[in-house]
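# okay, here's the prediction I keep looking at, along with the sequence it came from:
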Amino acid sequence: MIDYSDNRYSELFNKQKSNQFAIGKTTYKERIKKLKALKRALEKTYKRDIEDAIYKDFKKPSIETDLTEIYLVVKEIKHTISNLQSWLGKQSAGTPLTLLGTSSYITYEPKGVCLIISPWNYPVNLTFGPLVSAIAGGNTVILKPSEMTPNTSALMAKIVKDVFSEDEVALVEGEVDVAQELLKLPFNHIFFTGSPAVGKIVMSAAAKHLTSVTLELGGKSPTIVHESAHIKAAIKNIVWGKYLNNGQTCIAPDYVLVHESIKTEFIEAFKAKALAYYSESPITSESYSRVVNERHFKRLVASLENAKENNATIEIGGDYDATSNYIAPTLISNLPDDATLLQEEIFGPILPLKTYKTIDEVITYVNSKEKPLALYIYAHNRKFINTIIKHTRAGSTCVNTNALQYSNHYLPFGGSNNSGIGKAHGFFGFQEFTNARSVLKRHTAGPLYLLFPPYNALKEKIANLAIKWF
Ligand code: NAD
C-alpha cells in the first residue's frame, strides 16, 4: 500500500472516499436533480460571468462561448437527463444453452472517487462535460482545471462551491504541481483531457494504483479535399473549423491535403472566406480570438518563422502581434515534410496545405503519422470516401464538414492510442465512469451439473460434445 497521508489533498480525498457509497446509492431522480442544478448555474446564474471570464482569458467571442462551452454542456446534461433511468436500469444479457437454468444481467455501478483534469482550450466544456458523465455514474469527483485560463478556473471553482458540497464535487485550482500531487492519490478513475505528452504522465501515475483512465488527447487531424468536392461548401466549413477558438481545438483541421488539380481554386476560395469571416483586418475583428498565452504564441511564431526560412509560401496571413498574442488566420503551402508545422500538432491559427496526386499518396501519408483524433474528407465520390475510411484509422471522421461529430451525443468521442484511450459523451461517457458489473443468477440445476466431479469417461464425452456443438 502506498502511504498518501502526507499528500496535501489527502483530507479532501478521504472525505470523498467516505462519502462515495452514499453518493453511489443515489437514485436516477436524485442524480437528475444535481444535473439540473448544474444546468441552471451554467445557462442562467453564471452565463454572463462565463462569457466574461473566457473573454478575459483569450478574447473568445461570447457567441463562441455560448455555442462551444455553455450549449454543449447543457446539451450533454439534457441528453443524460433523458436517458439516465434507462442507463441505470438492469441490462438483460443472453443465456447460452450450456447455462440453461440461469439468467444474467449487467448493472452499471459507480467507479468511486474520480479525478478530472482538464485543459484550457474549452475550459468550461472540458471540465463540466465529463463531470456530467461522472455525476450520472454516481461518483464523487475532484476537478483540476488548467492554470492557463485563470479567470475561468476561478469562476468554475465558485460555481462548483455553489452547486455541490465538497465531499461530492470539489474543484482544486493551481499549477502543474497541483495535478502532480493529485495524481499520487489512489483514485478509482482519472479522466484526463490534454496533450499526448502529459497523457503518458497521467497514465503512468494511474498505473501505480491500477486506476482506470480515460485519456482525451490530441494530434494532427488531416483534412482531405478531393477533386469531386464542392469547393465553396468545403471552404465554408474548413475556415470555420480551423479558426474557431483561434485554431486551439483538438479536432481542428491540422493540415489539408488538396488534390493538385484544385489547389489554385482552393486557395482563392479560402482567401475569400477568411476575408468574409474575419475582415481585411482580423486583429480588429470581434469574431476572432487570441492565442492563449505568450508561451504558445512564441511556439507558433517559431514554427511560422521556421516555415518562412524553409521558403514555404504564405498564401494568406502570416503576420502577428506579440502585444496581444495575435496571429492572423494563416494558410501556408510548399512546406518541406520535415517542417515543424507538418511534424507537431499546431494548435493555433496556422494551416499547412499539401497537394497530392493519388489516393495511395494520401493513405500512405496519413498512416505514416500517429492515429489522429479526427480525419475529415471533402468529396462527393463515394468510392474515394469509403476507401479513405477503410484504409486509414482515426478517432472520428466527418464527411463534407468538420468538428460537428463532437456535438452528436449519440456518437462516442475520443481518439485511439496517441490521440486517446476511452470515449466521452452520452452513454459512452457514462460507461467510462462506471463499471459494467455482470450478475448471473442460478434458478434451477442445468446441464453443466452433469460435468461436476468426479470425472469419468462419460463426462469427458459430454465435455467434448459441448466443445463441438455449443
Ligand atoms: P496539457 O496536457 O498541457 O494540460 C492539460 C492539463 O494537464 C492541465 O490541467 C495541466 O495543469 C495538467 N498538466 C500539465 N502538465 C502536467 C504534468 N506534468 N503532470 C500532471 N498534469 C499536468 O494540455 P493543454 O495545453 O491544456 O491542452 C492542449 C492539448 O489538449 C492538445 O494536445 C489538444 O489536442 C488536447 N485536447 C484534447 C481534447 C480531446 O477532447 N481529445 C480536447 C481539448 C484539448
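All right, it came through fine. Keep in mind that what you see is a predicted model, and the values were worked out from it rather than measured.

# quick check: the residue of the protein nearest the ligand.
Residue of the chain nearest the ligand, by CB to the nearest ligand atom: Gly218 (1.8 Å). For glycine as for every other residue, the C-beta is placed from the backbone atoms N, C-alpha and C.

# give me the secondary structure label for that residue.
Three-state call for Gly218 (DSSP: H, G, I helix; E, B strand; the rest coil): coil.

# show the pLDDT at the closest residue to it other than its chain neighbours.
In space, and not counting its chain neighbours, Gly218 is closest to Cys250: 4.6 Å by CB to CB, 6 or more residues apart in numbering. pLDDT recorded at Cys250 is 97.

# point out the residues in this structure that sit beside the ligand.
By the rule CB under 6 Å from any ligand atom, the part of the chain lying against the ligand is 117-121, 126, 144, 146-147, 176, 179-180, 183, 193-195, 198, 201, 216-218, 250, 345, 347, 373, 420.

# tell me which of these fall in strands.
Mapping these onto strands (DSSP state E) picks out 117, 144, 193, 216, 420.

# so who does the nearest residue to Ser419 once chain neighbours are set aside touch?
Setting aside the residues directly before and after it, Ser419 is nearest to Leu373 in space (CB to CB, 6+ apart), at 4.0 Å. By CB atoms under 8 Å, 6 or more residues apart in numbering, the residues touching Leu373 are 217-219, 221, 250-251, 394-396, 414-415, 419-420.

# swap in Leu42?
Contacts for Leu42 (CB under 8 Å, 6+ apart) come out as 50, 70, 73-74, 124, 128, 159.

# end to end, how far does stretch 247-259 reach?
For stretch 247-259, the first and last residues are 23 Å from each other (CA to CA, to the nearest Å).

# what of stretch 171-185?
Note: stretch 171-185 ends 15 Å apart using CA to CA.

# so how far is Ser212 from the residue nearest to Gly218?
Cys250 sits 21 Å away from Ser212, going by CB to CB, to the nearest Å.

# out of the two, which sits in the more crowded spot?
Neighbours were counted for Cys250 and for Ser212 using other CB atoms under 10 Å; Cys250 has more, 29 against 18.

# follow-up on the earlier one: are any of the contacts of Leu373 buried, and which?
With neighbours counted by 16 or more other CB atoms under 10 Å, these contain buried members at 217-219, 221, 250-251, 394-396, 414-415, 419-420.

# what helix or strand is Arg437 on?
Assigned by DSSP states H and E, Arg437 falls within strand 434-442.

# residue contacts, Ile346?
Contacts here follow CB under 8 Å, 6+ apart; on that basis Ile346 touches 220, 247, 254-255, 300, 303, 352.

# of those residues, which is the most crowded?
Asp254 (28 neighbours).

# can you check the pLDDT for that residue?
pLDDT, Asp254: 98.

# beta partners for Thr193?
Glu216 (DSSP bridges).

# average model confidence for the helix or strand where Ile377 lies?
Take DSSP H and E as the rule and Ile377 turns out to sit in strand 374-378. For strand 374-378, the mean pLDDT works out to 98.

# what's the following helix or strand after it?
Remark: after strand 374-378, the chain's next helix or strand is helix 382-391, criterion DSSP H and E.

# which residues are in contact with that following helix?
Against helix 382-391 from outside (CB under 8 Å, 6+ apart): 224, 226, 228, 359, 362-363, 367, 375, 377, 379, 397, 399.

# ok, which pair from those residues is furthest apart?
Ser228 and Asn367 (22.0 Å; CB to CB).

# who has more neighbours, these two?
Ser228 (15 against 12).

# for the more buried one, phi and psi?
When quoted as degrees, to the nearest 10, the phi and psi of Ser228 stand at phi -80, psi 0.

# before we move on, what about Ser396?
The phi/psi pair for Ser396 (degrees, to the nearest 10) reads phi -160, psi 160.

# partner residues bridging it?
The partner residues for Ser396, given DSSP bridges, come to Ala374.

# tell me the predicted confidence for it.
Residue-level confidence at Ser396 comes out at 98, pLDDT.

# related to what we said a few turns ago, after the strand holding Arg437, which helix or strand is next?
helix 457-469.

# which residues sit against that next one?
Contacts of helix 457-469 (CB under 8 Å, 6+ apart): 98, 450-451.

# which of these has the weakest pLDDT?
In terms of pLDDT, Leu450 ranks lowest among the contacts of helix 457-469, with 86.

# number of nearby residues for that residue?
By other CB under 10 Å, neighbour count at Leu450 equals 12.

# can you give me the buried ones in stretch 174-192?
For stretch 174-192, the neighbour count (16+ other CB under 10 Å) marks 178-179, 181-192 as buried.

# of the residues you listed, which pair is most distant in space?
Farthest apart among the buried residues of stretch 174-192 by CB to CB are Val178 and Asn188. That separation is 19.7 Å.

# spatially, which two of the contacts of Leu42 are the most separated?
The span of these, defined through CB to CB, is set by Val74 and Ile159 at 13.4 Å.

# and the pLDDT for the most centrally placed residue in the chain?
Nearest residue to the geometric centre of the chain (CA atoms, centre = their mean): Glu216, 4.4 Å. Per-residue pLDDT puts Glu216 at 98.

# ok, back up a step: buried sites along the strand holding Arg437?
Going by neighbour count (16+ other CB under 10 Å), the buried part of strand 434-442 is 434-435.

# quick one: strands adjacent to it?
strand 102-110 (antiparallel).

# alpha carbons of the partner strand, in PDB - could you do that?
Output of strand 102-110 as PDB, limited to C-alpha atoms (Å, rounded to 0.1, in the frame of the first residue of the first chain):
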ATOM      1  CA  THR A 102     -29.600 -19.300 -15.100                       C
ATOM      2  CA  SER A 103     -30.300 -15.700 -16.100                       C
ATOM      3  CA  SER A 104     -27.900 -12.800 -16.400                       C
ATOM      4  CA  TYR A 105     -27.900  -9.000 -16.400                       C
ATOM      5  CA  ILE A 106     -25.400  -6.100 -16.400                       C
ATOM      6  CA  THR A 107     -25.600  -3.200 -14.000                       C
ATOM      7  CA  TYR A 108     -23.600  -0.100 -14.200                       C
ATOM      8  CA  GLU A 109     -22.100   0.700 -10.800                       C
ATOM      9  CA  PRO A 110     -20.100   3.800  -9.900                       C
END
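
# check contacts around Phe470.
Shown in contact with Phe470 (CB under 8 Å, 6+ apart): 96-98.

# got it, and Ala93?
Contacts of Ala93 (CB under 8 Å, 6+ apart): 104-106, 438.

# show me what the helix or strand hosting Leu115 is packed against.
Assessed by DSSP H and E, Leu115 sits inside strand 113-117. For strand 113-117, the contact count by 3 or more CB pairs under 8 Å, 6 or more residues apart in numbering; DSSP states H and E identifies helix 10-24, helix 125-137, strand 140-144, helix 176-182, strand 189-193 as packing neighbours.

# Throw those into JSON lines and include mean pLDDT and distance to Ala41, thanks.
JSON lines is the format used below for the helices and strands packed on strand 113-117 (pLDDT from 0 to 100; distance: least, CB to CB, whole Å):
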{"stretch": "helix 10-24", "mean pLDDT": "98", "distance to Ala41": "19"}
{"stretch": "helix 125-137", "mean pLDDT": "98", "distance to Ala41": "9"}
{"stretch": "strand 140-144", "mean pLDDT": "98", "distance to Ala41": "14"}
{"stretch": "helix 176-182", "mean pLDDT": "98", "distance to Ala41": "23"}
{"stretch": "strand 189-193", "mean pLDDT": "99", "distance to Ala41": "20"}
